[in-house]
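Q: Coordinates only, no sequence provided:
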């Protein structure tokens, strides 16, 4: 009987260790490099903002997916070591906030407000504005 308990205990320890290793690897898998992921859809800023404002298409279908966006830069900000671009559409009510990947800093420095740009990023959601993360310049 003691041998059976010992085998059960060893099995439980091994199973728990494998689970902990999997959780550790999952949590520390890193951020996906958006340059290597193909976009699910391409939008202009006006198209995306129009769909967002008028609920013409379920943008929820694109959440956590990579999309391409093309438009004009309204503003460039730098905070906590990351650049963010604010893209504008036809109206001044809503914008598209694009947080850039860190490896894009040298390219973002060369950009200016009013410049036309094409980006690719992961659509994270929308509140008052549409939010894209891990953006890269195409």
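A: Arrived safely. Just so we're clear, the structure is a prediction, and the values are computed from it rather than from any experiment.

Q: Tell me which other helices or strands the longest strand seen in the chain touches.
A: Looking across the chain with DSSP state E, the single longest strand is strand 66-79. Applying 3 or more CB pairs under 8 Å, 6 or more residues apart in numbering; DSSP states H and E, we find strand 66-79 packed against strand 41-44, helix 45-54, strand 82-88, strand 95-100, strand 116-126. Just so you know, the C-beta spots here come from the backbone N, C-alpha and C atoms, and that holds for glycine as well.

Q: Mean pLDDT lowest where, among those?
A: Lowest mean pLDDT of the helices and strands packed on strand 66-79: helix 45-54, a mean of 82.

Q: Give the rounded mean pLDDT of the longest helix seen in the chain.
A: Ranked by residue count under DSSP state H, the longest helix found in the chain is helix 2-27. In this model, helix 2-27 has a mean pLDDT of 84.

Q: on that earlier part again, closest to residue 15 out of the helices and strands packed on strand 66-79?
A: strand 116-126 (33.9 Å; CB to CB).

Q: following that closest one, which helix or strand comes up?
A: strand 130-137 (DSSP states H and E).

Q: Okay, buried residues for that following strand please.
A: Under the neighbour-count criterion of 16 or more other CB atoms under 10 Å, strand 130-137 has 130-137 buried.

Q: Then stretch 101-113?
A: By 16+ other CB under 10 Å, the buried positions in stretch 101-113 come out as 101, 104, 108, 111.
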